[in-house]
Every structure is written in C-alpha cells, then in structure tokens.
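> Sharing a sequence plus its predicted fold:
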Amino acid sequence: MKGQSRFDFNQAAAVYDEWFTTSMGRYYDLVEKRAINRVLKNISGKKLLEIGCGTGHWSKYFSAHGFSVVGVDISFEMLKRTLRKRIPKAEFVQCDACHLSLRDNMFDIAVLITTIEFIEMPHIAIKEAVRCLKKPGGCLMVCTLNAESKLNKRRLAKNEVPYHKASMLSTKNLKYLLTPYGKPTIYTCAFSFNPTRPIPVIDPIFDSVAKTFKLQSGDIIIGEVKL
C-alpha cells in the first residue's frame, strides 16, 4: 500500500487516546463537538464516512448520534485499537485517503477531523471524499488545525510531534480546497484554552462571534460544503 501520510501514526497509536484525558484534550474535544454538531443536525441521512478515523474516538461519537459509520485509516495500529472498542453501527477499512476502496455515491456526509493536514496530497483526498458522497445532497466537512492561530504557530516553532510533520491550512487554503465542489462555509473555533479552567464556559460566545464576523485566529477551522 502506497502511504500518503506525512506522519507515521502507527508509532503514536498506543498513547493517542491519552491526549483526550488531558485538560487541553478535553477542552478541544468539547469545542470541536459543539462546532461539529451544528453541521450534523442539518444532515438528513445517516450514512457517514470518516476519513482518518484513527483509534475511533470520533467514530464512537458519530455512532452514538445515530450514524452508520464507515471509518478508514492508513494506520494498521490505529485501526487495531479502534476494533477493540467494538463500536456499534460502525465498520472499518484500512486504506489510503487518496485511494479509497469504496463505491461512488454511498454516503450522506464525509468528515475529516485533524486529518487533511497530515495527507501529502490533500486535494486528491478531498476529491476521493466527494466521489463517495451522494450527489446531490451530500455534505463534506473538514475540521483542521489552523495555520494562523498562535497556538499552532508555537507548536510548529517548537517542532512538536506530530505537528512538526503537519502542513497546516489557513481559512483561505481550506476555502480553496473546497470551492471546486460548491460554496463552502468556513469558520474558526477554539479561542480561549485555559488549563486552570476545566470547563470552557465562554467559548460558545467566542465561536458565535467568530462565525458572524469571520474571525480567522481560532485554533481550529471548520469547513463544510453541500454538494
């Protein structure tokens, strides 16, 4: 199998889920779920493709929200841990995001969560995701680390693993990737991580303001396009 990942996530599989138990991990998990739920509630169908499913953290979440999930990942070690979770209404396939072994027009929504920045040819991965979506009516959602945020700039400057291998996108970059397939909605979220505050209480306000005024400095970018 020809690899297209900028980072070998096999080496991180054993400790990957531990990040979600940290204060930063819990914070970003909550903020991302708030943002992603805005998209999910507008999806009429229930067939979901998750590209870069990793250890199944998000697959479990999507399954719990009523979706039938097909998760794909290039990392065998990641998928081994996913299968151990026995997630209901979910199946998993090892394959390259740029060469999906799936039929055309199968899914109501395709999601890539902190995945596209680790793919060597993101435009090919997006094209493959679109191929697998129902037309018309399918929805593509990309959640990615923002190259314009202070946090992510620090991560890159410090050469932090695995971020040092990521090719992070700006809001402009993501819009460019999605525009060939429709009119994308692009906004950022996650503005106020504070390790001393376990539950972020003002982030929904920041996120709403960011979406309204198209602020570009949040740590995470959400992009969606309807086909």
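Cool, got the structure.

> CA only for contacts and neighbour counts going forward, please
OK.

> quick one, strands of the chain?
Here the chain has its strands, by DSSP state E, at 47-51, 68-73, 90-94, 109-113, 139-145, 185-189, 220-226.

> okay, those strands in a markdown table with distance to residue 174 and mean pLDDT next?
A markdown table is the format used below for those (distance: least, C-alpha to C-alpha, whole Å; pLDDT from 0 to 100):
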| stretch | distance to residue 174 | mean pLDDT |
| --- | --- | --- |
| strand 47-51 | 16 | 98 |
| strand 68-73 | 21 | 98 |
| strand 90-94 | 26 | 97 |
| strand 109-113 | 12 | 98 |
| strand 139-145 | 8 | 97 |
| strand 185-189 | 8 | 90 |
| strand 220-226 | 7 | 96 |
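
> Mind checking these for the one nearest to residue 164?
strand 139-145 (12.2 Å; C-alpha to C-alpha).

> surely residue 67 meets residue 46?
Yes - look at residue 67 against residue 46 with C-alpha atoms under 8 Å: they come within range, at 4.7 Å.

> who's more crowded, the two?
residue 67 (22 against 17; other C-alpha atoms under 10 Å).

> roughly how far apart are residue 153 and residue 106?
37 Å (C-alpha to C-alpha, to the nearest Å).

> My error: substitute residue 55 in the last question.
Distance from residue 55 to residue 106, by C-alpha to C-alpha: 23 Å.

> okay, these two: which has more neighbours?
Under the criterion of other C-alpha under 10 Å, the comparison of residue 55 against residue 106 puts residue 55 first, with 25 against 17.

> What's the local residue count around the nearest residue to the more buried one once chain neighbours are set aside?
Counting by C-alpha to C-alpha, 6 or more residues apart in numbering, residue 55 lies nearest to residue 82, which is 4.5 Å off, once chain neighbours are set aside. Residues lying near residue 82 (other C-alpha under 10 Å) number 22.

> Need the per-residue pLDDT for residue 82.
Model confidence at residue 82, expressed as pLDDT, equals 97.

> Confirm for me that it is in contact with residue 52.
No - if you go by C-alpha under 8 Å, residue 82 and residue 52 don't touch, sitting 11.6 Å apart.

> and the closest residue in space to residue 226 that isn't next to it in sequence, how far is that from residue 169?
Excluding its sequence neighbours, the residue lying closest to residue 226 (C-alpha to C-alpha, 6+ apart) is residue 139, at 4.6 Å. Computed as C-alpha to C-alpha, the residue 139 to residue 169 distance reads 20 Å.
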